[in-house]
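Participant: Task: produce atomic coordinates for the following.
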Amino acid sequence: MRKNSHANEFAADTMALVLRLEKRKMGKEAKSIFEMAEEGDTTIFVPAIVLAEVMYLSEKGRIECSLKPVFTS
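Facilitator: Sure thing, here's the model as predicted:
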């Protein structure tokens, strides 16, 4: 996770997003940021390249999570 220039905005990297989607162990600060975003207290931006990387890793079987339901809904 990287803090953006705005006070309550962050950008997620691929690993942080995968860890959160798969409910795996992550650092305290990153976990706290995701929890704050889920409560509406902050914003997490997910760059398009991160989504592409998650799709690639999923298609190659390297991670369990998938974005297919997002694109087929």
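Participant: Distance check, the residue lying closest to Asp13 once chain neighbours are set aside against Ala11.
Facilitator: In this structure, Asp13 finds its nearest non-sequential neighbour in Val50, 6.4 Å apart by C-beta to C-beta, 6 or more residues apart in numbering. Quick note: C-beta positions are derived from backbone N, CA and C, even for glycine. According to C-beta to C-beta, to the nearest Å, Val50 and Ala11 sit 8 Å apart.
Participant: what does Glu38 give?
Facilitator: For Glu38, the distance to Ala11 equals 17 Å [C-beta to C-beta].
Participant: Between those two, which is the more surrounded one?
Facilitator: Ranked by neighbour count (other C-beta atoms under 10 Å), Glu38 and Ala11 place Ala11 first, with 15 against 11.
Participant: Settle this for me: that one is touching Pro47, isn't it.
Facilitator: Yes - Ala11 is in contact with Pro47 according to C-beta atoms under 8 Å; the separation is 6.4 Å.
Participant: so where's the chain shaky on pLDDT?
Facilitator: The model of the chain has pLDDT under 70 over residues 1-7, 70-73.
Participant: quick one, helices of it?
Facilitator: Under the criterion DSSP state H, the chain contains helices at 14-21, 28-38, 48-59, 68-72.
Participant: Out of the ones you listed, which is the most enclosed?
Facilitator: Highest mean neighbour count among these (mean count of other C-beta atoms under 10 Å): helix 14-21, with a mean of 19.
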